[in-house]
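Asker: Let's see this in three dimensions:
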Amino acid sequence: MIRELASKYGKTPAQIALNWLIMHDNVVPIPGAKNASQVIENAGAAGWRLSEEDFKKLDAASNSLIITYVTW
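Answerer: Okay, the predicted model is just below:
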């Protein structure tokens, strides 16, 4: 789904994911970058917004994930 949206918006999958996080009221993403090209890619997640429909699709996909934490 993220790759489809990346193609639709002309963005990278990482930019789609970061933009989705930015659109949440209670989330402050802190993306990492090891080089200048990663900084530029991260910056490409700002200054635009996913449509409400696409935001909701990603939200639904995220909510359907089951995350298991293993501690020993």
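Asker: Quick check: phi and psi on residue 50?
Answerer: phi -60, psi 150 (degrees, to the nearest 10).
Asker: Quickly find the element holding the residue nearest to it when sequence neighbours are not counted.
Answerer: The spatially closest residue to residue 50, leaving aside those adjacent along the chain, is residue 19, at 5.7 Å (CB to CB, 6 or more residues apart in numbering). The way it works is simple: take the backbone N, C-alpha and C, and place the C-beta from them, glycine included. Taking DSSP states H and E as the criterion, residue 19 maps to helix 13-22.
Asker: those helices in the protein, which residues are they?
Answerer: Taking DSSP state H to define them, one finds helices in the chain at 2-9, 13-22, 36-43, 52-63.
Asker: if we can go back for a sec, can you name the residues that contact the residue nearest to residue 50?
Answerer: Residue 19 makes contact with 11, 45, 46, 48, 49, 50, according to CB atoms under 8 Å, 6 or more residues apart in numbering.
Asker: Kind regards, and thank you for your time.
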